[in-house]
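Chemist: Predicted structure and sequence below. I'll ask about it afterward.
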Amino acid sequence: MSEAVTTEVREIKRFLVLDEDPENTTFFKVLLMEHQIPGVTMCNSAAEALEIVEAKRIQFIIVAREMNEMPGTVFIQKVHTKRQFRQVPCLLFSKQMSEQDIRLAKELGVNVFAKPFNKQEIWDIINTMRLKEESVDAIELKLRDVEALIEEKQYKVALHTLKDAAGPGPAFARAHTLLGEVHFKLADMPKSEKALDAALTEKQNYAPAMQLIAKVYSKTERHEKAITMLVQMVDASPNNITSLLSLGSAYNEADQLDKAKETLKRVKRLDPNDKQADEELGKIAFKEGDMSLAQQLLAETENAEEMGRFFNNLAIGMVNKDKFAEGIRTYDAAINILKAKNPDKIHLLVYNMGLAFKKSGDLKSAFEILSNCFLENPDFRKTYESLVRVIREMEKKKMPIDKAVIERVQKLIKNAS
């Protein structure tokens with residue numbers, strides 16, 4: 001990577017100051033206005049502040065660590081769940097900071113300072129952060145583009161964009177972590193692991209890379225390796241919500257459900273409204289057969305596609321062990337959970353349920369499900385190919401076949417050719 005070249009200059013003018021103590025918010029507003037920064041929003045409610053960040057597209061956050069409604073570190077982590085605000089400069093102030101607090105702030109990329117306030121020192125910190133953000137280099141801009149592309153599921157474009165951003169330099173670890181994330185999304189675990197190993201070789205204990213490589217270990221059934229790494233991270237930084245969520249997920253992948261629930265409850269104590277914890281607890285409820293609780297926890301999922309993959313893998317494992325009834329019940333329950341949230345994402349579940357019926361020998365049910373699946377999703381051509389095979393088997397066994405359905409299927413195929 002060549003020396004960073006400044007390619008964009010932006011004015012950072014939309015500030016948010018969050019604290020339950022009005023004296024502190026007033027102090028910062030006066031300080032910022034003294035330095036000709038007019039766009040300062042003061043707030044004393046973390047819940048309201050989260051809405052303000054999105055509504056006003058806040059560019060700089062100053063927040064107290066000690067708040068009754070929500071600690072400042074939790075607020076920052078909630079802001080970071082939105083990719084468009086992940087790189088927003090954040091300044092955390094506190095009466096006192098423990099070593100764990102300081103470690104968490106470092107993991108979050110947050111600057112900290114302790115009270116009492118010194119106006120000049122605080123302004124120097126704010127101004128340095130502001131100027132850095134106002135003039136980001138070409139590589140950083142590309143990495144932010146990659147983050148947006150990942151959010152939009154444009155993984156191939158993200159890989160192409162990363163080609164010029166993943167060379168040697170100060171952004172190497174971040175770039176290779178994003179490269180690992182893209183490969184992870186593409187289900188290429190060897191390439192994901194290779195990229196993340198490179199990131200961690202360059203920058204030891206880099207939390208985003210460690211959290212992600214633990215997921216790779218889990219997906220490749222190296223459960224104890226994933227759990228050991230994440231336990232160490234959580235012990236060192238017990239309020240890092242992403243690490244806790246990753247550990248809960250790793251326990252879940254390893255079918256250590258009691259430890260998974262215990263870990264996810266720690267997340268809920270930090271943030272009672274954490275949706276990712278609800279999704280993971282919903283998976284556990286599903287595994288344990290509590291479909292009512294699973295449906296309740298997954299009703300607001302924002303990751304219908306990921307949930308679909310989870311349910312599909314769970315049911316496929318059952319069918320591969322000839323547990324056809326269990327697999328079919330799993331597909332049926334998963335479809336009922338996801339169809340209201342994202343009906344476009346359930347066709348693979350429906351298709352595989354049809355295959356499960358075929359493998360179990362119930363050709364009639366397989367025909368009904370696969371024909372309906374194809375008629376609703378004619379672009380999913382694997383369904384048609386499987387349906388043809390089912391029809392041939394039914395014909396060999398001289399089973400009655402609904403000719404009207406076959407005519408509709410043939411008409412769709414003819415129109416598509």
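Modeler: Okay, I see it.
Chemist: now stretch 208-216, how far from the centre of its chain.
Modeler: Distance, stretch centre to chain centre, for stretch 208-216: 12 Å (Cα atoms, centre = their mean, to the nearest Å).
Chemist: now do stretch 357-374
Modeler: On Cα atoms, centre = their mean, the centre of stretch 357-374 falls 34 Å from that of its chain.
Chemist: For stretch 96-115, measure first residue to last.
Modeler: 7 Å (Cα to Cα, to the nearest Å).
Chemist: Would you mind pulling the contact partners of that stretch?
Modeler: Outside stretch 96-115, the residues that touch it by Cβ atoms under 8 Å, 6 or more residues apart in numbering are 65, 73, 76-77, 80, 89-95, 121-122, 125, 129, 207, 236-240. Where you see a C-beta, it was placed from the backbone N, CA and C, and this is true even at glycine.
Chemist: make it 6 Å
Modeler: Here stretch 96-115 makes contact (Cβ atoms under 6 Å, 6 or more residues apart in numbering) with 73, 76, 90-95, 207, 237, 239-240.
Chemist: per-residue confidence averaged over it?
Modeler: Mean pLDDT, stretch 96-115: 88.
Chemist: quick one, domains of the protein?
Modeler: 15-136, 137-214, 221-302, 315-417 (automatic domain parsing).
Chemist: For Gly308, find the nearest of those domains.
Modeler: Of all the domains of the chain, it is domain 315-417 that lies closest to Gly308, at 5.0 Å by Cβ to Cβ.
Chemist: what's the burial count for Ser360?
Modeler: Ser360: 17 surrounding residues under other Cβ atoms under 10 Å.
Chemist: cool, Asn68 as well?
Modeler: 7.
Chemist: Ala325 now?
Modeler: Neighbours around Ala325, by other Cβ under 10 Å: 11.
Chemist: Look at it and give its secondary structure.
Modeler: Taking DSSP: H, G, I helix; E, B strand; the rest coil as the rule, one finds Ala325 in the helix state.
Chemist: Output the domains of the chain in CSV; the columns should cover distance to Arg309.
Modeler: Putting the domains of the chain into CSV (distance: least, Cβ to Cβ, whole Å) gives the following:
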stretch, distance to Arg309
domain 15-136, 20
domain 137-214, 9
domain 221-302, 11
domain 315-417, 9
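Chemist: low pLDDT regions in this structure?
Modeler: 1-9, 340-345, 417 (pLDDT under 70).
Chemist: can you give me the strands for it?
Modeler: For the chain, the strands defined by DSSP state E occupy 15-18, 40-43, 60-64, 90-94, 111-114.
Chemist: Residues contacting the second one, please?
Modeler: Surrounding strand 40-43, the residues in contact under the criterion Cβ under 6 Å, 6+ apart are 15-18, 25, 29, 32, 49, 52.
Chemist: at 8 Å instead, please
Modeler: 14-18, 22, 25-26, 28-29, 32-33, 49, 52, 56, 58.
Chemist: got the CA coordinates for that strand in CSV?
Modeler: Below are the C-alpha coordinates for strand 40-43, written out as CSV (Å, rounded to 0.1, in the frame of the first residue of the first chain):
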residue,chain,number,x,y,z
VAL,A,40,-24.7,20.5,18.8
THR,A,41,-27.6,18.4,20.1
MET,A,42,-27.8,17.9,23.9
CYS,A,43,-29.7,14.9,25.2
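Chemist: List the neighbouring strands of that strand plus their orientation.
Modeler: Looking at strand 40-43 with DSSP bridges, its partner strands are strand 15-18 (parallel).
Chemist: Can you mark which positions in the strand it pairs with are buried?
Modeler: 15-18 (16 or more other Cβ atoms under 10 Å).
Chemist: Settle this for me: Thr383 is touching Tyr351, isn't it.
Modeler: Yes. With contact defined as Cβ atoms under 8 Å, Thr383 counts as touching Tyr351 (5.3 Å).
Chemist: Looking at the two, which one has more neighbours?
Modeler: Thr383 (26 against 22).
Chemist: before we move on, back to that, name the residues contacting each of Thr383 and Tyr351.
Modeler: 370, 373.
Chemist: Relative to Leu412, which of the contacts of stretch 96-115 is nearest.
Modeler: Among the contacts of stretch 96-115, and counting by Cβ to Cβ, the member closest to Leu412 is Ala207, at 50.0 Å.
Chemist: okay, now that closest one: neighbour count?
Modeler: 22.
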